[in-house]
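**Student:** no FASTA, just this:
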């Protein structure tokens, strides 16, 4: 539910589709911006710096940044739940912020405070054998819980609420981080060694592995994990997968439903219509809308779904105008050139020029309330460059905007020019140590 973005299917030489992977920047600069509703929700205002305010009469339009974060770490991936967020750094450090559904202070916590910024708590987990796990490779947040995989792939850990077994730690348990359990040793080995992604919903979690199988834990009373024994499980088990020979390249969890995307751009849903707001599916069911319009990326959150097709259209079930929908309750988004969608209940569509289009503000996105269905985020337009890479994290009560300037291209170009001009090897430190590419609107 909280995972930001989607793996894209791009055309390969065998006429199928495979996930695309973008090369990391050689020299990049990140900036983390925050917006809130009327309160700061467990954040220390002293270590936030206000950078903009769109409407002086509306406190919700203030935009802040972490004072001490930018030069301390580079963020690799992000995820969020209800009023909390998790940020995974490139070096494997895991930080959480906001009002977490598990303790981050006091004698019972497994977390430690890092000096990066007082608003961020670094997660460090002490095992029963006194070993400490403090580096991670995958993260996922649900509504009131989260999961994180250790960097060495030895286990998955979870924290937060567990009323329906969604944390895969058995029944009950404390709110602190604990090791997940698995139905069999074979399932543990296959999932940990081949894990591609975990996605967490309200009371369930689902993962897919390189072996082509899906694994799940938690509640399936609404068929969000398909049909399973007793409708609930308290440990990771192998669950049914869509009936296709194609590779699964993405899986995402909504509140009470789940969605799969395969390598040919076909979409499969499980979960009853009252919760998926699309089709009634007690098991993985292929959506007819995309048979002739294969999907390249999808974004699933809460009770809404957005699908970007390979022909450039965005189909979704967030119908704000009672527009006539198709048989699967989908309409098309009236915004051209969309490249990504972010949000929870209220959404932000980002186009290829990094213009952010907001679907009726939820009060925490840094925009004034309006009666318009989709409108441009003027505050962020001033702070986000058209060539910046952008991620947005919506945690209901606050939003985090992460922009990354691709300075690697600039650095390479300058090196090439200087080498040709002086016809000699260069010491990059002498020429390039102070270069910062900060193109802004």
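**Tutor:** That came through, no problem. None of these values were measured; they are calculated from a predicted model.

**Student:** same question for the stretch of helix or strand residue 191 belongs to, mean pLDDT?
**Tutor:** Using DSSP states H and E, residue 191 maps to helix 185-194. Helix 185-194 shows an average pLDDT of 97 in the prediction.

**Student:** swap in stretch 403-415?
**Tutor:** For stretch 403-415, the mean pLDDT works out to 64.

**Student:** what's the answer for stretch 224-242, then?
**Tutor:** On average, stretch 224-242 scores 97.

**Student:** Show the end-to-end separation of it, please.
**Tutor:** 13 Å (CA to CA, to the nearest Å).

**Student:** Can you mark which positions in it are buried?
**Tutor:** Within stretch 224-242, the residues that count as buried by 16 or more other CB atoms under 10 Å are 224-226, 228, 232-239, 241-242. (C-beta placed from N, C-alpha, C; glycine too.)

**Student:** and if you look at stretch 44-61?
**Tutor:** Residues of stretch 44-61 classed as buried by neighbour count (16+ other CB under 10 Å): 48, 52, 53, 54, 58, 60, 61.

**Student:** Identify, from those, the entry nearest to residue 304.
**Tutor:** Nearest to residue 304 out of those is residue 60 (CB to CB; 21.9 Å).

**Student:** how far away is the closest one from residue 38?
**Tutor:** 6 Å (CB to CB, to the nearest Å).

**Student:** Overlap in contacts, those two.
**Tutor:** residue 363 (CB atoms under 8 Å, 6 or more residues apart in numbering).

**Student:** circling back: can you flag which of the buried residues of stretch 44-61 belong to strands?
**Tutor:** 48, 52, 53 (DSSP state E).

**Student:** Contacts only, for the closest residue to the last one other than its chain neighbours.
**Tutor:** Distances taken as CB to CB, 6 or more residues apart in numbering place residue 62 nearest to residue 53, at 4.8 Å, with adjacent residues excluded. Residue 62 sits next to 35, 36, 50, 52, 53, 366 when contact means CB under 8 Å, 6+ apart.

**Student:** Just give me the neighbour total for the first one.
**Tutor:** Per other CB atoms under 10 Å, the neighbour tally for residue 35 reads 26.

**Student:** for it, helix, strand, or coil?
**Tutor:** Three-state call for residue 35 (DSSP: H, G, I helix; E, B strand; the rest coil): strand.

**Student:** returning to that earlier point: from the buried residues of stretch 44-61, which is closest to residue 159?
**Tutor:** residue 48 (25.1 Å).

**Student:** separation between that closest one and residue 123?
**Tutor:** 21 Å.

**Student:** Residue 405 now?
**Tutor:** 28 Å.

**Student:** The two: who's more crowded?
**Tutor:** Using other CB under 10 Å as the criterion, residue 405 and residue 123 rank with residue 123 on top: 27 against 22.
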